[in-house]
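# Sharing a sequence plus its predicted fold:
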Amino acid sequence: MHVYEAVVIGAGQAGLSASYHLQRLGIDHVLLDADERAGGAWRHRWDSLTMDDVHGVADLPDSAAPGRGPDRANAVIPDWFAAYEQSHGLPVVRPVRVDRVDSDGELLVVRAGERSWTTRTLVNATGTWSRPFVPRYPGQETFRGEQLHTADYPGPDHFRGKRVVVVGGGASAVQFLGELRPVTETVWVTRREPVWRNGGEIDGRAVVQLVERRVRQGLPPASVVSHTGLALRPQERLAEILGAYRRRPMFARIEADGVRWADGTFEPADVILWATGFRPAVGHLAPLRLRSEYGGIALLPGTTDVQTSVTAARDPRVQLVGYGPSASTIGGNRAGRAAALAVRRFLEEQDERAAG
């Protein structure tokens, strides 16, 4: 039985960064990815999302990110990832959908169906895309129209002539309304009053610190937008003029042909588009009992800054990248390096104890 020094789960930006740094440190590892081809969550983004629309993609270690332009992000970035894997000879195995990770004495066993990999440490980089979150409302199962989530968004042409209720107060909802309102009727519904950012620079460090504070306490990570506020881009100004961003509070129930508020107000709908976010895809880690009593996975303080907070407080064998304070392309890169260094420290300390 081969025992790896590390197994990385997930070949998105954070996983590629972690694998690059592990390889550079000479740490024997394998990178497991659930998809059939490179690209991570970017492969599944909607066709209308161009490189001009994305909020920014950070460089990978030793490779500059593609620039802005009209090309589809779901083609450009996967091609970049594939070239990166090949040029650096990263040890990717796919498709591998990990079911669970078990502890076996000092070792960890990563299981995917009948296959398994035994390792001394684990770097989890599974992101959130595979865990779309849809809240439950009374009558939801009776709706005769379509219910779609951000993960299923097919682009604006699909919605022409349909009345769409867009649910959610984040950046995705704002972008969808920007695309949909010029081609069809929309209603925007959010649980809280949206907070708009009126110019000025975002203090990215302060925002990440707020996210990290929750994770340090073992609370589930909060979205970055909840701390930064929302802003309209030039391509969303037409939708604003057409009234797309006149928000309504959450409805009380869903009926066969629309949604109804507590005061009896009714809005007919052909589609409910749930732009309600994602949850961390960490269910396969459940056997390790990493979650705190508050529902999140607490991380130890980072060595240099909050984006290097990657080590699970309840099991130092496990590093989480792209989770909490590192849930961005920039944060994922920094966390990938931090995770590789944490793996090396753990292995050295373990070897010293064994030798002493």
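On my side now, so go ahead.

# those helices in this structure, which residues are they?
Using DSSP state H, the helices of the chain run over 13-24, 73-87, 171-180, 204-216, 225-228, 237-241, 329-355.

# my guess is residue 238 contacts residue 180, does it?
No. With contact defined as C-beta atoms under 8 Å, residue 238 does not reach residue 180; the gap is 11.3 Å. Quick note: C-beta positions are derived from backbone N, CA and C, even for glycine.

# what about the two, which has more around it?
Higher neighbour count among residue 238 and residue 180: residue 180, with 25 against 12, using other C-beta atoms under 10 Å.

# wait, what's in contact with that one?
Counting by C-beta atoms under 8 Å, 6 or more residues apart in numbering, residue 180 touches 156, 159, 164, 166, 186, 239, 244.

# ok, 7 Å please
Applying C-beta atoms under 7 Å, 6 or more residues apart in numbering to residue 180 gives the contacts 156, 159, 164, 186.

# before we move on, the earlier item: among the helices of the chain, show me which one is buried the most.
Neighbour counts (mean count of other C-beta atoms under 10 Å) averaged over each of the helices of the chain peak at helix 13-24, with a mean of 27.

# quick check: mean pLDDT across that helix?
The pLDDT scores in helix 13-24 average 96.

# What helices and strands are in contact with that helix?
Counting by 3 or more C-beta pairs under 7 Å, 6 or more residues apart in numbering; DSSP states H and E, the packing neighbours recorded for helix 13-24 are strand 6-9, strand 29-32, helix 329-355.

# Okay, angle between the last one and helix 13-24 too, please.
Per axes from the mean of the first three to the mean of the last three C-alpha atoms, to 10 degrees, the angle that helix 329-355 makes with helix 13-24 is 40 degrees.

# Just give me the residue right at the centre of the protein.
residue 128 (3.6 Å; C-alpha atoms, centre = their mean).

# Quick check: that one touching residue 281?
Yes. Applying C-beta atoms under 7 Å as the test, residue 128 and residue 281 come out as touching, 5.9 Å apart.

# ok, the nearest residue to the residue nearest to the centre of the chain once chain neighbours are set aside - contacts?
Sequence neighbours aside, residue 278 is the residue nearest to residue 128 in space, at 3.6 Å (criterion: C-beta to C-beta, 6 or more residues apart in numbering). Applying C-beta under 7 Å, 6+ apart to residue 278 gives the contacts 128-129, 131-133.

# swap in residue 148?
Taking C-beta under 7 Å, 6+ apart as the test, what residue 148 contacts is 271, 273-274.

# mind listing which of those are in strands?
Among the contacts of residue 148, the residues falling in strands (DSSP state E) are 271, 273-274.

# Near the closest residue to residue 318 other than its chain neighbours, how many residues? Count them for me, please.
Excluding the flanking residues, the one nearest residue 318 by C-beta to C-beta, 6+ apart is residue 312, at 4.2 Å. Using other C-beta under 10 Å, residue 312 is surrounded by 21 other residues.

# for the one 3 residues further on, same thing?
Neighbouring residues of residue 315 were enumerated by other C-beta under 10 Å; the total is 17.

# Could you pull out the strands in the stretch 101-250 of the chain for me?
Taking DSSP state E, counting those that start in this stretch as the test, the strands found in the stretch 101-250 of the chain are 107-112, 115-119, 122-124, 146-149, 164-167, 186-190, 247-249.

# List the residues that contact the closest residue to residue 118 other than its chain neighbours.
Sequence neighbours aside, residue 3 is the residue nearest to residue 118 in space, at 5.0 Å (criterion: C-beta to C-beta, 6+ apart). Residues counted as contacts of residue 3 (C-beta under 7 Å, 6+ apart) are 107, 118-120.

# Over to residue 51?
Residues near residue 51 by C-beta under 7 Å, 6+ apart: 66, 68-69, 71, 73, 76.
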